[in-house]
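how would this look folded up:
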Amino acid sequence: MKFNTKAIHGGQHDIDPAYGSVMPPIYQTSTYSQTTPGGHKGFEYSRSGNPTRAALERAFASIENAKHGLAFASGLAAIDAVIKLLKPGDEVISTNDLYGGTYRLFTKIFEDFGVKFHFIGMENAENIEAYINDNTKLIWVETPTNPMMNIIDIKKCAGIAKKHNILLAVDNTFATPYLQRPMDLGADIVMHSATKYLGGHSDVVMGALMLNDDELAERLFFIQNASGAVCGPMDSFLVLRGLKTLHVRVQRHCENGKKVAEYLRDHPKIEKVYWPGFEEHPNHEVAKAQMDDFGGMISFVTKGNDYDEAIRIVERLKIFTLAESLGGVESLAGHPASMTHASIPKEEREKTGVVDALIRLSVGIEDAADLTADLEQAIG
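Numbering: from 1, shown residues only. Below is the predicted model:
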C-alpha cells in the first residue's frame, strides 16, 4: 500500500459493527461492561485502552511502517515514557540542538533521578562514538533539528547504535513520515509530537511512539497504562482525521516552504536562512538521501543579528501568527530564544546558533504569494 493510501486507510481494517460508519466512532466512555470478571470485548477501562485510540494507534504504526503505535497525551508524555525505560546510572546521548521542552525534561526531571545526558553535535554521526560507554542505553536524535534545521544521518546513527547494542530513538516531528521514515533507516523508536503535522489543525495536543520490537512495545504499553498520560477519545478522533490529509498538506507545506526560503535567501536584509533544501545547507546530501522533500520549517537571522529587529518583525506579521507550535495549516512565526527554547540557558542556546535574533517559521498551506508579501511588509 502506497503512503497516500495508508494515510487514509492504514491500520483501519475494522468497520464499525453497529452502523458501518466510515470513520471510527468516538467511544466517549471511561469503562466497559463485563459479563463476568475479566470477561469483556477487548476493553475494560479507557486508560488501558479505548477503541478510538486503538484505531489511531494502528494508523500511527501504519504510516511509519511499524508494528506498534502508542498515543499519549502530549509529545513530552511520549518522550517521558521512553526515558522511563532507563534506570539511575544509565546514560543518553542526545543532539545538542533540540526542542526546549525535551531539553527541560531531560535536565530538570530525569537528571534528578540519576540519568545522565550528553548533548553533542551529531551532524557528523561519528562524534557519537566518543561518548559511548557501558552505561549508554539510548541515542536520542532530532532531524531536522529544532530550530536550526540541522540534518543527522539516521542510518549512520542506527549502525552505531546496533554495534553497541544501544536503542536509537528519532523525533520525526519536523519531517513527518510523509517525508522521512526512520524505522526504514534502522531506528528502534520513532516519536512525534502529533500536535504538529500529524494532527495538522492546531486543535489538539498529543504524542506518538512507533516501533517494531514486541518486547519493547510491551514495556512501553505498560508504562503508558501505569503512568496514565493517555489521550482521550475525542483527541484521538481529531488526529485520526488529521492523518487522512497528511500527504496533501505536507506536499503544500513543502512547496510553500521552498518559495519562502528562496525569498528570504534573496532578501537584502536577511543574513542567514536555515532550510535543508539549500545545496549549501550542512548535510544537504544526507537530507536528499533520507527525506523525500525538505519540509516547511525555516529559521532565519536578519543582518546585524539585532534582537529588537527580530521582535519588531514578528510583531508586524499579519498572516503569519506569532505563536508557539508548528505544523498546522496556518503559518506561524516564533522567537525561539524567548518562546520554545527559553528553558535552555542562553550560553547553551547560542552554542548551537539559537541567537536572540533568530526567527523560526512554520510555513502553512496558504497562498505562497501572500506569505512572502507578509514577510516583505514585516521586514521592510
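
per-residue confidence for Ala194?
At Ala194, the pLDDT value in this model is 98.

who's in contact with Val301?
Residues counted as contacts of Val301 (CB atoms under 8 Å, 6 or more residues apart in numbering) are 270-272, 310, 355, 357-359. In short, each C-beta sits where N, CA and C put it, glycine included.

which one of those residues has the most neighbours?
Ile359 (27 neighbours; other CB atoms under 10 Å).

how about Ile365, nearest residue that isn't a chain neighbour?
Using CB to CB, 6 or more residues apart in numbering and skipping residues adjacent in sequence, the residue nearest Ile365 is Arg252, 4.2 Å away.

once you drop chain neighbours, what's closest to Gln224?
Leu70 is the one closest to Gln224 (CB to CB, 6+ apart), at 5.6 Å.

quick check, the one you found in a strand?
Yes. Applying DSSP: H, G, I helix; E, B strand; the rest coil, one finds Leu70 inside a strand.

what is it paired to in the beta sheet?
In this structure, Leu70 bridges to Leu209 when assessed by DSSP bridges.

on the pLDDT front, check it for me.
pLDDT, Leu70: 98.

that older thread, reformat the contacts of Val301 as TSV; add distance to Glu91.
Below are those laid out as TSV (distance: CB to CB, whole Å):
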residue	distance to Glu91
Ile270	40
Glu271	37
Lys272	34
Ala310	36
Val355	29
Ala357	34
Leu358	30
Ile359	34
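
pick out the most distant pair among those residues.
Ile270 and Val355 (13.9 Å; CB to CB).

lowest average confidence, helix or strand, in the chain?
Least confident helix or strand, the chain: helix 346-351 with a mean of 87, by mean pLDDT, DSSP states H and E.

follow-up on the earlier one: do you know how far the residue nearest to Gln224 is from Ala229?
Distance from Leu70 to Ala229, counting by CB to CB, to the nearest Å: 10 Å.

neighbour count: those two, which is higher?
Neighbour comparison, Leu70 and Ala229: the larger count goes to Leu70, with 25 against 17 (by other CB under 10 Å).

contact partners for the more buried one?
So Leu70 contacts 57, 60, 78, 81, 208-210, 217, 220-221, 224 (CB under 8 Å, 6+ apart).

10 Å instead?
53, 56-57, 60-61, 78, 81, 189, 191, 207-211, 217, 220-221, 223-224, 230-231 (CB atoms under 10 Å, 6 or more residues apart in numbering).

and stretch 7-14, which residues are buried?
7, 10-12 (16 or more other CB atoms under 10 Å).

sorry, back to before: and the residue nearest to Gln224, how far is that from Asn4?
On the measure of CB to CB, Leu70 and Asn4 end up 24 Å apart.

strands of the chain, start to end?
68-72, 91-95, 116-120, 136-142, 167-171, 189-193, 207-211, 270-274, 297-302, 321-322, 332-334, 359-362 (DSSP state E).
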